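A.B. asks: Have a look; sequence and predicted model below, questions after that.
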Amino acid sequence: MYCNHCLPCPVNIDIVRVNRILDLAYEDISPYAIKEYKELEVKPDKCIECKVCEQRCTFDVPVVQKMKEASKLFS
């Protein structure tokens, strides 16, 4: 989901952008996905797991888990 209901993140992670990049990378970790990830101002590994984003999400997206997946995939 890319609806922005999860925002703002207390540590300023662009959750929506991370989710888009992660969706791209599930298909193929392309140079474009890597470039997009590197350009993130705050990487998803900075997630403090407060779950405020998940409380705001009307689609039950497991945001914290997705931040962990993105961190692991691009590490």
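C.D. replies: Yep, it's here. Numbers count the residues shown, from 1 in each chain.
A.B. asks: Could you find the closest non-adjacent residue to Glu36?
C.D. replies: Ile21 (4.8 Å; Cβ to Cβ, 6 or more residues apart in numbering). For glycine as for every other residue, the C-beta is placed from the backbone atoms N, C-alpha and C.
A.B. asks: Which helix or strand contains the spatially most central residue of the chain?
C.D. replies: The residue lying closest to the centre of the chain (Cα atoms, centre = their mean) is Val18, at 3.1 Å. If you go by DSSP states H and E, Val18 is part of helix 15-27.
A.B. asks: now swap in Glu69 and tell me
C.D. replies: Using DSSP H and E, Glu69 sits in helix 63-74.
A.B. asks: wouldn't the residue nearest to Glu36 be in contact with Glu69 here?
C.D. replies: No. Applying Cβ atoms under 8 Å, one finds Ile21 not in contact with Glu69, separated by 10.9 Å.
A.B. asks: Neighbour count: these two, which is higher?
C.D. replies: Between Ile21 and Glu69, counted using other Cβ atoms under 10 Å, Ile21 has the larger neighbour count: 25 against 17.
A.B. asks: immediately after the helix holding Val18, which helix or strand?
C.D. replies: Of the helices and strands lying after helix 15-27 in sequence (DSSP H and E), the nearest is helix 31-38.
A.B. asks: angle of that following helix against helix 63-74?
C.D. replies: 120 degrees (axes from the mean of the first three to the mean of the last three Cα atoms, to 10 degrees).
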